[in-house]
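Novice: compute the structure for the input listed below.
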Amino acid sequence: MEGVGSAFDEVVTLRQAKQLIQCMAHEQSFLLLSPPGLGKSELVYEAAREAGLPCRSLLGTQIAPEDVSGIPRIVGERSVFCPPRVLLPEKPEPFCLFLDELPACSPDVQKAFYSLLLERRLGEHALPKGTWVVAAGNRLQDRALVRAMSSALVNRVTILQLRVDAGEWLGWAERAGIRPEIRSFVSTIPDALMRPVPADPVPFSTPRAWALLSRALDLAQRSGLLTNENRRALAFGRLSPEDAVVFCALAEDAIGALRPLDDYLRKPELLPKGDSARWFVLDCIRQHVRDGKAKGLKPQIVNRFLRALSHEHQLLVLTDMVGAWGALGAEPAMLALLRKVSAA
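Specialist: Predicted coordinates for the structure are as follows:
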């Protein structure tokens, strides 16, 4: 049927997922799926903490079926399975049960979770009323040692595909004390917050990678070790190379926090003086105009900005962008000169 996409085409942000968990995880089990480093685990802990529930976790890659069903003991003439304390605490009070890396579990462990996910039971033992059951894991395409999940398991949970939202993350980052130069960088280049999982096992940018880099830079600075060389080593050890090289170049130019891009368009004298930083900001302005985000500017502001640039920088922002700049009111003579240079 036309117009009907895959269920996995539908995604929610971390904030939306947290709201759904807090609303209905006491009755329905959830499975959160996303690339590595998005913040799934922290989301579950935060949701439980806000609801006043203790969170107990099991790591799917480190458990066996008997860790779920329990081990038998003889009571009279019967054998009774005794579930582990983490799944069935001695006090019958509600809690959040977090099944981390569920898609990485072996098939036998997945089967052991069937009644827990659907019926909230472990054999003849029921979970305390009000207990949440939330699982999380990576996707098959993420090359994260994930196994195919059985259709029986998939049918017992609500699967939420997660996506990163730069605005949400930046709000969290400010509250969490993430370094201002990292927040400024991600604010200017939102795509740098989460890069695709690379084909080879090399560092790549994720929300977790940026948060850990911030902590590493804090520790290095506290110990007097935050040199340019050490910053580059730490950044390239955490981030995608294209993000690490630009982030370090900006830090070494010491331009401070980046302004909103429209500020540079209105006052070109605010552009950074260093070559790396200036090229970076101009490329961001180019994308800003390409994406139609500079439509509120008057033609005289646009032309004053373009005239303030060197010929080399004019080519940077105008190449293949004649139509976009023309729509903003760029002078025809300047655009005609660019067409002539491009044709040559």
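Novice: show me where the stretch 51-200 of the chain has strands.
Specialist: Listed in chain order, the strands of the stretch 51-200 of the chain (DSSP state E, counting those that start in this stretch) span 55-59, 71-75, 78-82, 96-100, 121-122, 125-126, 132-137, 158-163.
Novice: pick the most deeply packed of the ones you listed.
Specialist: Mean neighbours per residue, mean count of other CB atoms under 10 Å, is largest over the strands of the stretch 51-200 of the chain for strand 132-137, with a mean of 25. Quick note: C-beta positions are derived from backbone N, CA and C, even for glycine.
Novice: tell me what angle that strand forms with strand 158-163.
Specialist: Counting by axes from the mean of the first three to the mean of the last three CA atoms, to 10 degrees, strand 132-137 lies at 50 degrees to strand 158-163.
Novice: any residues touching strand 132-137, and which ones?
Specialist: With contacts defined as CB atoms under 8 Å, 6 or more residues apart in numbering, strand 132-137 is touched by 21, 25-26, 29-33, 40-41, 44, 47-48, 51, 53, 60, 94-104, 116-117, 120, 127, 146, 157.
Novice: from those, which ones fall inside helices?
Specialist: Residues of the contacts of strand 132-137 located in helices (DSSP state H): 21, 40-41, 44, 47-48, 116-117.
Novice: can I get the strands of the stretch 51-200 of the chain in a markdown table with mean pLDDT and distance to Gln221?
Specialist: Formatted as a markdown table, the strands of the stretch 51-200 of the chain follow (pLDDT from 0 to 100; distance: least, CB to CB, whole Å):
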| stretch | mean pLDDT | distance to Gln221 |
| --- | --- | --- |
| strand 55-59 | 88 | 32 |
| strand 71-75 | 62 | 50 |
| strand 78-82 | 62 | 51 |
| strand 96-100 | 93 | 32 |
| strand 121-122 | 80 | 49 |
| strand 125-126 | 80 | 51 |
| strand 132-137 | 95 | 33 |
| strand 158-163 | 96 | 32 |
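Novice: and Gly292, which of these is closest to it?
Specialist: Closest of the strands of the stretch 51-200 of the chain to Gly292 is strand 158-163, at 22.1 Å (criterion: CB to CB).
Novice: report the inter-axis angle for that closest one versus helix 40-50.
Specialist: 110 degrees.
Novice: re the thing from before, dump the strands of the stretch 51-200 of the chain into a markdown table; add distance to Asp283 as well.
Specialist: As requested, the strands of the stretch 51-200 of the chain are exported to a markdown table (distance: least, CB to CB, whole Å):
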| stretch | distance to Asp283 |
| --- | --- |
| strand 55-59 | 42 |
| strand 71-75 | 61 |
| strand 78-82 | 62 |
| strand 96-100 | 39 |
| strand 121-122 | 56 |
| strand 125-126 | 59 |
| strand 132-137 | 36 |
| strand 158-163 | 25 |
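Novice: for the ones you listed, which one sits closest to Ser187?
Specialist: Shortest distance between Ser187 and the strands of the stretch 51-200 of the chain, using CB to CB, is found for strand 158-163: 17.8 Å.
Novice: hmm, who's touching the closest one?
Specialist: Against strand 158-163 from outside (CB under 8 Å, 6+ apart): 7-8, 10-14, 17, 20, 28-34, 38, 40.
Novice: selection in PyMOL covering whichever of those residues are buried, please.
Specialist: Here is the PyMOL command that selects the buried residues among those (16 or more other CB atoms under 10 Å):
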select buried, resi 12+14+17+20+28+29+30+31+32+33+34+38+40
